[in-house]
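[1] For reference, the sequence and a predicted model appear below.
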Amino acid sequence: NAGVTQTPKFRVLKTGQSMTLLCAQDMNHEYMYWYRQDPGMGLRLIHYSVGEGTTAKGEVPDGYNVSRLKKQNFLLGLESAAPSQTSVYFCASSYGLGRGGTEAFFGQGTRLTVV
Amino acid sequence: AQKVTQAQTEISVVEKEDVTLDCVYETRDTTYYLFWYKQPPSGELVFLIRRNSFDEQNEISGRYSWNFQKSTSSFNFTITASQVVDSAVYFCALREDTGFQKLVFGTGTRLLVSP
């Protein structure tokens, strides 16, 4: 049981390049989240998804897009990377609260550097 | 709006001291969930506890205890007889039971326990 898996773990991009971060979960969770972690800023929610085909904006959505074509996968895209997007990105998943209100399970993180 | 405040940026203690990490939250919902996570130096996010808004009982788990007070919108975390292995960043989080059930984190408190 892998839980939540993020790919890649590390990446260096040049300004203006694009990339996609992949998050996969094998727990049949409805909810999936993308966060970024910056020093002193905690975990800030970028986008999240409440089920296949449904996504919503979080606190810091600008410059990112997401897609959830399959329940187990949640993709985070950077169309034109900027140095301000240098961060550690975490993906998480959870059940909906109607199913008992569980905690979110996190991936190991992706360290992205934009130069 | 949903918000979590962890006013203590960093706390330093000597081993065996007791330490309390503060968490204050804001929500308009009557049903919500609060969480604490630990992020050790290795970087992963580890779930510690969940508490729903209808359960104000304090909880103790070994050296860890949590004090939930709805009257002051606080969910504080106390470590008794701290150990070096407790050194980590600790995050408090809030999930409302309405709308898209967004999961929002505080900025975290870094705890340094020295021998």
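    Yep, it's here.
[2] how about whichever residue of chain B sits closest to chain A, secondary structure?
    Nearest to chain A in chain B, going by Cβ to the nearest Cβ, is residue B:107, at a distance of 3.6 Å. Every C-beta, even on glycine, is put in place using the N, C-alpha and C of the backbone. Assigned state for residue B:107: coil (three-state reduction, DSSP: H, G, I helix; E, B strand; the rest coil).
[3] what's around the closest residue to it other than its chain neighbours, how many residues?
    Leaving out its chain neighbours, the residue that sits closest to residue B:107 by Cβ to Cβ, 6 or more residues apart in numbering or on different chains is residue A:42, at 3.6 Å. Neighbour count for residue A:42, taken as other Cβ atoms under 10 Å in any protein chain shown: 21.
[4] Residue A:42 bridge partners, please.
    residue A:38 (DSSP bridges).
[5] List the neighbouring strands of the strand or helix carrying residue A:89 plus their orientation.
    Using DSSP states H and E, residue A:89 maps to strand A:87-94. Using DSSP bridges, the strands paired with strand A:87-94 are strand A:31-38 (antiparallel), strand A:105-106 (antiparallel), strand A:110-114 (antiparallel).
[6] export the longest one as CSV, just CAs?
    So the one you mean is strand A:31-38. Taking Å, rounded to 0.1, in the frame of the first residue of the first chain, the C-alpha atoms of strand A:31-38 are listed here in CSV:
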residue,chain,number,x,y,z
TYR,A,31,-10.5,14.7,-1.8
MET,A,32,-7.0,15.6,-3.0
TYR,A,33,-5.0,18.8,-2.3
TRP,A,34,-1.9,20.6,-3.5
TYR,A,35,0.0,22.8,-1.1
ARG,A,36,3.2,24.7,-1.2
GLN,A,37,5.5,25.2,1.7
ASP,A,38,7.8,28.2,2.0
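[7] So what's the model's average confidence on that strand?
    Averaging pLDDT along strand A:31-38 yields 96.
[8] Give me the contact list for the helix or strand of chain B with the lowest mean pLDDT.
    Ranked by mean pLDDT, DSSP states H and E, the helix or strand of chain B with the weakest confidence is strand B:59-61, at a mean of 89. With contact meaning Cβ atoms under 8 Å, 6 or more residues apart in numbering or on different chains, strand B:59-61 is reached by B:49, B:51, B:65-66.
[9] among the residues you listed, which are within reach of chain A?
    Restricting the contacts of strand B:59-61 to those touching chain A (Cβ under 8 Å from any Cβ of the partner chain) yields no residues.
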